[in-house]
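Novice: I'd like to go over a predicted model; first the sequence, then the structure.
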Amino acid sequence: MIHLDLFLGFLKVGCFAFGGAYGAIPLIRDIVMSYGWLSDEMLAYMIAVSESTPGPIMVNLATYIGSSQAGFLGAVIATLAVVLPSFLIILLITALLKTALKNKYVQAILRGLKPCVIGIVLATGIYMMLENCFGTISEIKVNMQAIGITALLVASIFGYKYFAKKKLSPIGLIILSAIFGIIIF
Amino acid sequence: MNILCDLFLTFAKIGLFTFGGGYAMISMIEKNCVERKQWITHDEMMNVTVIAESTPGPIAINCATFTGYKKAGFIGALAATLGMVFPSFVIVYLISMFLDNFLELVIIANAFKGIKIAVVILILDAAITMIKKMHKKKLPIAIMACSCIVMLCINLFAWDFSSISLMLIAAIVSLAIFVLNGAPEQKGGAKK
């Protein structure tokens, strides 16, 4: 039942997506991998598209993955499922449990969750970079072009920061990487 | 104008014109809902941002739900939240129908091979930003380091263990240390 899977999968994402959009990416990756919906490659494309289209990234990703797996209905189900938990939680907090978040046990739980999310995001980033540049453990393949583009992009980020005195925007980085991709591959 | 329509349209406008999600949206919401429409006060807005930090889900959705509820109860919350989601839903759905065809063009496929690398850098950048903002105490750092190592192993060796289970373990460990210490401030140095 693809629709039920989409609903439950993105409901899980919505319930555990602490730390903004990038905190949700490892969770989404877990779910699309375990159901075999997408490859790492396709997921990275979708993250780039979600980052470059307006609206919350997490919602865009849900719409996109839902649509790719089960058309319009899939997109609707995944989008609603990812939004539902935060909708209900905010309603509960504002209407009934105004002090719930100040409870010391809730605070203790959050103190554990937040650093854990950071660790998970960091690990996901490191792993995906290794995978891009050196392949997986079962199939090691050094990709010189990917290493070159990684180096060029990192150099661009620091160069831009040094000369323009501000941070290169995510969309700027994506456009730059697309140009490097066309030139190098 | 009907308040429900107004809520829906205002948040649809915010959803349509903010790229990058998250904190970029907060300033748009502040400008529209606090300054222009005066639906909520600046202090309330600050409060929601703090609540949003501690609750799951996109921050923009949290703000929309809160503002809608303040103005018109449950139906208001529904109108604002759907308004926030609607424009990006339409845009992303349309793109999703065409991307597969685009990818068959060699030049686009090559562009996306480059973009794939940029996405990884964005993920690492997000992690670094979060680390900078983190409380630099022993316990959170230990939890972060352990989760990072375990998650890396899960990915590298294809262990059958989900990141959600990892988060639950971290929550339980933190709660247990808090209860065992029996003090409002945790003492550092505890290992997972």
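Specialist: Received it, and whenever you're ready, just let me know what you need. Numbers count the residues shown, from 1 in each chain, chains lettered A, B, ... in the order given.
Novice: beyond the lowest-mean-pLDDT helix or strand in chain B, next helix or strand please.
Specialist: Within chain B, no helix or strand scores below helix B:23-29, which has a mean of 77 by mean pLDDT, DSSP states H and E. Next helix or strand after helix B:23-29 toward the C-terminus (DSSP states H and E): helix B:42-54.
Novice: so the longest helix along chain B versus helix B:42-54, what angle?
Specialist: When every helix of chain B is counted residue by residue (DSSP state H), the longest turns out to be helix B:59-103. Interaxial angle of helix B:59-103 relative to helix B:42-54 (axes from the mean of the first three to the mean of the last three Cα atoms, to 10 degrees): 60 degrees.
Novice: tell me the helices and strands packed up against helix B:59-103.
Specialist: helix A:40-52, helix A:57-95, helix B:3-17, helix B:23-29, helix B:42-54, helix B:106-133 (3 or more Cβ pairs under 8 Å, 6 or more residues apart in numbering or on different chains; DSSP states H and E). The way it works is simple: take the backbone N, C-alpha and C, and place the C-beta from them, glycine included.
Novice: least reliable of those going by mean pLDDT?
Specialist: Lowest mean pLDDT within the helices and strands packed on helix B:59-103: helix B:23-29, at a mean of 77.
Novice: any residue of stretch A:97-117 up close to chain B?
Specialist: Yes - residues of stretch A:97-117 contacting chain B under Cβ under 8 Å from any Cβ of the partner chain: A:101, A:104-105, A:108-117.
Novice: determine how far that stretch lies from the middle of the whole chain.
Specialist: Taking Cα atoms, centre = their mean, to the nearest Å, the mean C-alpha location of stretch A:97-117 is offset from the chain mean by 23 Å.
Novice: now that stretch: average pLDDT?
Specialist: Stretch A:97-117 shows a mean pLDDT of 82.
Novice: domains of chain A?
Specialist: Split into domains by automatic domain parsing, chain A comes to A:2-142, A:143-185.
Novice: tell me the most buried of those?
Specialist: Most buried of the domains of chain A by mean neighbour count (mean count of other Cβ atoms under 10 Å in any protein chain shown) is domain A:2-142; its value is a mean of 21.
Novice: distance from the chain centre to it, please.
Specialist: 6 Å.
Novice: quick check: which of the domains of chain A is nearest to B:D160?
Specialist: domain A:2-142 (8.8 Å; Cβ to Cβ).
Novice: so for the residue nearest the centre of chain A, what's the pLDDT?
Specialist: By Cα atoms, centre = their mean, the mean C-alpha position of chain A lies nearest to A:I25, the distance being 2.5 Å. pLDDT for A:I25: 88.
Novice: that one: what secondary structure?
Specialist: Classification of A:I25 using DSSP: H, G, I helix; E, B strand; the rest coil returns helix.
Novice: what does A:L38 give?
Specialist: With three-state DSSP as the basis, A:L38 sits in coil.
Novice: so who does it touch?
Specialist: By Cβ atoms under 8 Å, 6 or more residues apart in numbering or on different chains, A:L38 lies in contact with A:V32, A:M46, A:I65, A:S68.
Novice: leaving out chain neighbours, which residue sits closest to B:G114?
Specialist: Using Cβ to Cβ, 6 or more residues apart in numbering or on different chains and skipping residues adjacent in sequence, the residue nearest B:G114 is A:G181, 2.2 Å away.
Novice: give me the element the one you found is part of.
Specialist: Here A:G181 is assigned to helix A:170-184, by DSSP H and E.
Novice: show me what that helix is packed against.
Specialist: In this structure, helix A:170-184 packs against helix A:40-52, helix A:144-164, helix B:106-133, with contacts taken as 3+ Cβ pairs under 8 Å, 6+ apart.
Novice: domains of chain B?
Specialist: B:3-101, B:135-192.
Novice: out of these, nearest to A:A75?
Specialist: domain B:3-101 (5.2 Å).
Novice: the closest one: end-to-end distance?
Specialist: 42 Å (Cα to Cα, to the nearest Å).
Novice: right, so the domains of chain B: which one is the most enclosed?
Specialist: domain B:3-101 (a mean of 20).
Novice: ok, the residue nearest to A:V32 when sequence neighbours are not counted to A:G66 distance?
Specialist: Sequence neighbours aside, A:L38 is the residue nearest to A:V32 in space, at 4.5 Å (criterion: Cβ to Cβ, 6+ apart). Separation of A:L38 from A:G66 (Cβ to Cβ, to the nearest Å) stands at 12 Å.
Novice: again with A:I149
Specialist: 30 Å.
Novice: do A:L153 as well
Specialist: 30 Å.
Novice: same check on B:W159?
Specialist: From B:W159 to A:G66 the distance is 27 Å (Cβ to Cβ).
Novice: now A:I93
Specialist: 27 Å.
Novice: cool, A:S156 as well?
Specialist: 34 Å.
Novice: wait, what's in contact with the spatially most central residue of chain B?
Specialist: Nearest to the geometric centre of chain B sits B:P58, at 3.8 Å (Cα atoms, centre = their mean). Contact analysis of B:P58 by Cβ under 8 Å, 6+ apart lists A:A17, A:G20, A:A21, A:P56, A:I57, A:M58, A:V59, A:V83, A:S86, B:G21, B:G22.
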